[in-house]
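Colleague: prediction below, plus the sequence it came from.
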2 protein chains.
Amino acid sequence: MTSATARPRRSYHHGDLRNALVEAGVELARDGGPDAIVLREVARRVGVSPNAAYRHFDDLPDLIQAVAHRALVELGRSMKRETSRLRPTGDEAVDAWRQLRAVGRGYVEFALNDCGLFRTAFDRRARQGREEGSVEDGCSPQELLADGLHRLVAAGLLPAEDIEPARMLAWSAVHGLALLLLGPYSDLPTRERDGMIDATLDQVGKGLLPSGVPQRRTGRTRKVG
Amino acid sequence: MTSATARPRRSYHHGDLRNALVEAGVELARDGGPDAIVLREVARRVGVSPNAAYRHFDDLPDLIQAVAHRALVELGRSMKRETSRLRPTGDEAVDAWRQLRAVGRGYVEFALNDCGLFRTAFDRRARQGREEGSVEDGCSPQELLADGLHRLVAAGLLPAEDIEPARMLAWSAVHGLALLLLGPYSDLPTRERDGMIDATLDQVGKGLLPSGVPQRRTGRTRKVG
DNA sequence: ACCTGAAGTTCACGCTGTCAACATATTTTC
DNA sequence: GAAAATATGTTGACAGCGTGAACTTCAGGT
C-alpha cells in the first residue's frame, strides 16, 4: 500500500517526481489495468498536488504512455526470462524453434500473470510517438521476436524472405491468444488453459515452418492435440 | 446527426427507450469506441434525462454490454457476408477452406472498417453474463467459425479431434491480426496491409491443415509471400 | 544579494456516473 | 369505471474526474 515514495517528502521539490509518478501509475495499472491510472490518485500516492503532474506530462494520456512503456519493458523481460530457462540440445534446429516458442510462451505468460500491465502496454492512449529505442537492454518484445525468427532462418528452418509474414503470424497468434484467454476464455481452468497454449504454439510452428516443427531426436513432425 | 429517435417525443413515455438508448450507444461507439459511450450523451441524443437510462440498465457497463452485443451481431454479419460472396468450385476441399478463409477475412475486415464497434465488442466491461443465444439468426462469430471448422472436417482436411486447437489458433490469429493492424501496425499502407492479411490467413491454413492448403486444380501447397 | 525560471500549490470550471425523492403515465384489480 | 399498484421519466444533488489560470516556493547563475 505505502509505496517507497509515499512518505511525505521533506523538501518542496521532489527531486525525481516524474519517475515517482510513473512508478505509482505502474502500480495502479498492475491491478486495475489502464483505466485504473487516474491522475489524481497517482498524485495522491506520491503525496503531491494533482496539477504537479502537468509539469512532467502533457496530460493523462501522456502519463499512460509512460506507464505503457514500462509495461512493454516488463513484457520483454518475461519473454527473455522464458528463453533463459532453455538448455541447449546441440541440435540447432530444435534449439532455434524452442527459443521462438519460449518467447511466445513468455508473452502469453506475462499477459496472464500481469494482465493489468499487459493491457496497459497496448492501450489505445499509449501510442508511442517516436520513442524508438524503447528498451535500453535491447530486449523489446519486437526485438526478441525478430531474434527468434532470424535464428530460425540461420538454422535453415525458415526461408529468409518469409520473415515478414512469419513475424505477423507469430505475433498475431500469440497476441490474440493472450487476449482471448483474458477475455472470452477467461474462465477456462488453468490446466486446460496451459494445454491450449502449448497446442496453439505448436500449430503456429506448423504454419511458420515449411518442413514442420523439429523434434528432439528425429526430424519428423509429431502429432499435437 | 439527428437520428431516427432524436425528435422530441410527444408522450411522457418513450415506448421503446431501451432500444433507442442502445442504438444511440452504437452510434457513439461506431466512431469513438467503447469509451465514447457516455451515459449522459446517450440520454441526450435520445432526448431523455440521464437517469431515465437507469430504468433499463443497471449502470453504464450494463449499457456498454448491450451495445457490445449489437457489435457482435454486426461482426457476425460481416463474416457471413464475406462467405456469401464465394462461388462453389465443386471441389469440396477447396470450397471448405475458402469458406473458413472468408470468415477470417470478414472478421479482420470488420475490425478495420468499423473499429469502434469491434473494440466495443471485446471491451472488458462487456462480459456477457449468460446470454448464450447471442444471435437469433444463428450467425454469431463463434458459430460461424465452428461451421467453417466442421466443414473442414467433413471435407477430410482436418481430423475431428483437432477441432479445439484449430479453433483456438484460427480465432487467436485472426483476432490478434486485427488488433495489431489497429494498434502497432495502424499506419501500414492499405496495399501492404491487404497482403499481410492474405499471407497470414494462408499461414493459418498451413498450421491448421496437416495436408496443407488445398489449391484450385492441384492438391499441392503453394508458396506464399 | 537579486533576478529568472523551474517545480509545486490553490482555486475554479465543466464534465461524468449515480443516488434519492418526486412526478406522471400505464396496468391491474375490485 | 375508479382506485390502487406499478412502470417509467424527471429533478436535484453529490463526489470524483481532467484540466486551465494564477500564485508560491525554491534552486542556480550573475
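Modeller: Alright, I've got the coordinates. Numbering: from 1, shown residues only, chains lettered A, B, ... in the order given.
Colleague: pLDDT below threshold where in chain A?
Modeller: A:1-12, A:128-137, A:217-225 (pLDDT under 70).
Colleague: now do the helices in it.
Modeller: With DSSP state H as the criterion, chain A has helices at A:17-30, A:39-46, A:60-84, A:92-113, A:115-121, A:141-154, A:163-182, A:190-208.
Colleague: turn the ones you listed into JSON lines, columns for mean neighbour count and distance to DNA strand C.
Modeller: C-beta coordinates here come from the backbone N, C-alpha and C atoms, glycine included. Below are the helices of chain A laid out as JSON lines (neighbours: other C-beta atoms under 10 Å in any protein chain shown; distance: least, C-beta to the nearest atom of the strand, whole Å):
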{"stretch": "helix A:17-30", "mean neighbour count": "21", "distance to DNA strand C": "4"}
{"stretch": "helix A:39-46", "mean neighbour count": "18", "distance to DNA strand C": "7"}
{"stretch": "helix A:60-84", "mean neighbour count": "20", "distance to DNA strand C": "12"}
{"stretch": "helix A:92-113", "mean neighbour count": "21", "distance to DNA strand C": "27"}
{"stretch": "helix A:115-121", "mean neighbour count": "24", "distance to DNA strand C": "20"}
{"stretch": "helix A:141-154", "mean neighbour count": "19", "distance to DNA strand C": "31"}
{"stretch": "helix A:163-182", "mean neighbour count": "23", "distance to DNA strand C": "22"}
{"stretch": "helix A:190-208", "mean neighbour count": "19", "distance to DNA strand C": "31"}
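Colleague: could you dump those helices to CSV with distance to residue B:56?
Modeller: Listed next are the helices of chain A as CSV, based on distance: least, C-beta to C-beta, whole Å:
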stretch, distance to residue B:56
helix A:17-30, 32
helix A:39-46, 31
helix A:60-84, 31
helix A:92-113, 35
helix A:115-121, 29
helix A:141-154, 43
helix A:163-182, 29
helix A:190-208, 36
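Colleague: and the ones you listed: which comes nearest residue B:142?
Modeller: Residue B:142 sits nearest to helix A:163-182 of all the helices of chain A, at 11.2 Å, using C-beta to C-beta.
Colleague: spell out which residues of chain A are next to DNA strand D.
Modeller: A:11-13, A:38-41, A:50-51, A:54, A:59-61 (C-beta under 7 Å from any atom of the strand).
Colleague: again, only using 10 Å
Modeller: Selection of chain A residues close to DNA strand D by C-beta under 10 Å from any atom of the strand yields A:10-13, A:15, A:35-44, A:49-55, A:57-64, A:125.
Colleague: for the most centrally placed residue in chain A, which residues are in contact?
Modeller: Geometric centre of chain A, nearest residue: residue A:75, 2.7 Å, by C-alpha atoms, centre = their mean. Listed by C-beta atoms under 8 Å, 6 or more residues apart in numbering or on different chains, the contact set of residue A:75 reads A:107, A:110, A:117, A:118, A:121, A:141.
Colleague: looking at those residues, which one is closest to DNA strand D?
Modeller: residue A:117 (17.9 Å; C-beta to the nearest atom of the strand).
Colleague: please report how far the closest one lies from residue A:185.
Modeller: Residue A:117 is 20 Å from residue A:185, where distance means C-beta to C-beta, to the nearest Å.
Colleague: what comes up buried for stretch A:50-57?
Modeller: A:53, A:56, A:57 (16 or more other C-beta atoms under 10 Å in any protein chain shown).
Colleague: now do residue A:19 against DNA strand D, distance only.
Modeller: Going from residue A:19 to DNA strand D by C-beta to the nearest atom of the strand, to the nearest Å gives 18 Å.
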